[in-house]
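Enquirer: Sequence plus predicted model, see below.
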Amino acid sequence: MCGRFIITDTASDLAAMFDVEHEGENLPEPSWNIAPTEQIPIVLESAKSGEVVRRLEAARWSLVPSFATELASGFPTFNARSETAGGKASFANSVASRRALVPATGYYEWRTVGTVKTPFFIHSDDGLPLALAGLYSWWRNPAMADNDPARWVLSATILTQDAQGALADLHDRMPVILAEESWDQWLDPHTPGDQAFVDAAVAASREAADGLRFHEVAPIRGNGPELIEPAGDRATG
């Protein structure tokens, strides 16, 4: 799973990195401790009037399907299992044409031994942001007036897969990480997506685990760059 992650790049940095043409409003600031339901930056492509535009937008991290009757869900939707996303009612429409990239400097995972949970920070070996495979959805709040701009909520989820390589010793799941050569096809709203499409993207992404590094960190509390320092370094100051 991927239940906490960080993004330390600014919106302008992300826009340049992902060749974004339009930056949305109220994009979140860098954070070292992003939790589900908080706002995250996502990269998506929209097709209006036949023109495809790559956008950087702020989204709620926990997908709200368009058919939902309320914002809160009875089950977690901040992650979606890649193996079944194409057949799940909550995610199928997004798999079809509303796919996103979720930029992440890295993410946290907890290794559990008995009752002891030890946090680790997982990141690329070159320090560059990861492009996590995501899905997004637009949900209209029925309790708000038609002329209220806040009636539309953009939300997103991160796809996960079986953990690869040494990461499997930490946890049995990990996010799907897309290489740059996969971004265009994954984002293209004119490329229809189904379970086979997701499976192919996951298969192409598996080598990305070879470029990941991780180290133990102190318990995750607060928000700041000290959270990703190796546990021994942080403890000794």
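Expert: Thanks, I have the structure now.
Enquirer: Just to be sure, residue 93 is in a strand?
Expert: No: counting by DSSP: H, G, I helix; E, B strand; the rest coil, residue 93 is not part of a strand but helix.
Enquirer: What's the per-residue pLDDT of it here?
Expert: Per-residue pLDDT puts residue 93 at 96.
Enquirer: The one 3 residues further on too?
Expert: The confidence metric pLDDT takes the value 97 at residue 96.
Enquirer: Which of the three states applies to it?
Expert: Going by three-state DSSP: residue 96 is helix.
Enquirer: So it versus residue 190, what's the distance?
Expert: 11 Å (C-beta to C-beta, to the nearest Å). Where you see a C-beta, it was placed from the backbone N, CA and C, and this is true even at glycine.
Enquirer: The two: who's more crowded?
Expert: Per other C-beta atoms under 10 Å, whichever of residue 96 and residue 190 has more neighbours is residue 96, with 16 against 9.
Enquirer: In space, what's closest to that one - neighbours in sequence excluded?
Expert: Distances taken as C-beta to C-beta, 6 or more residues apart in numbering put residue 193 closest to residue 96, at 5.1 Å, once the chain neighbours are dropped.
Enquirer: give the contact list for the one you found.
Expert: 86, 95-97, 99 (C-beta atoms under 8 Å, 6 or more residues apart in numbering).
Enquirer: among these, which two are most distant?
Expert: Taking C-beta to C-beta, the two most distant members of the contacts of residue 193 are 86 and 97; they sit 12.2 Å apart.
Enquirer: higher neighbour count, these two?
Expert: The residue with more neighbours, out of residue 86 and residue 97, is residue 86; 19 against 14, by other C-beta under 10 Å.
Enquirer: Which pLDDT does the model give that one?
Expert: pLDDT, residue 86: 96.
Enquirer: got it, and residue 1?
Expert: Per the predicted model, pLDDT is 69 at residue 1.
Enquirer: ok, now residue 234?
Expert: For residue 234, the predicted pLDDT is 57.
Enquirer: Could you shift the numbering so residue one becomes 13, and keep it that way?
Expert: Understood, numbering begins at 13; the last thing we discussed is residue 246.
Enquirer: which stretches of the protein form helices?
Expert: Counting by DSSP state H, one finds helices in the chain at the ranges 23-29, 104-109, 192-199, 207-217, 243-248.
Enquirer: check contacts around residue 226.
Expert: With C-beta under 8 Å, 6+ apart, residue 226 has these contacts: 121, 132-135, 178-179, 182.
Enquirer: mind redoing it with 6 Å?
Expert: Residue 226 makes contact with 132, 134, according to C-beta atoms under 6 Å, 6 or more residues apart in numbering.
Enquirer: Would you map the strands across the chain?
Expert: 16-19, 34-35, 43-46, 51-60, 63-73, 91-93, 111-116, 118-125, 128-136, 142-152, 164-174, 185-187, 224-228 (DSSP state E).
Enquirer: So for residue 82, which of those strands sits nearest?
Expert: Per C-beta to C-beta, nearest to residue 82 of those: strand 142-152, 9.5 Å.
Enquirer: what's around residue 37, how many residues?
Expert: 6.
Enquirer: Now it. Nearest residue, chain neighbours left out?
Expert: residue 70 (7.6 Å).
Enquirer: repeat for residue 80
Expert: residue 151 (6.0 Å).
Enquirer: which strand residues sit across from the one you found in the sheet?
Expert: residue 165 (DSSP bridges).
Enquirer: quick one: it and residue 132, what's the gap?
Expert: Counting by C-beta to C-beta, the gap from residue 151 to residue 132 is 33 Å.
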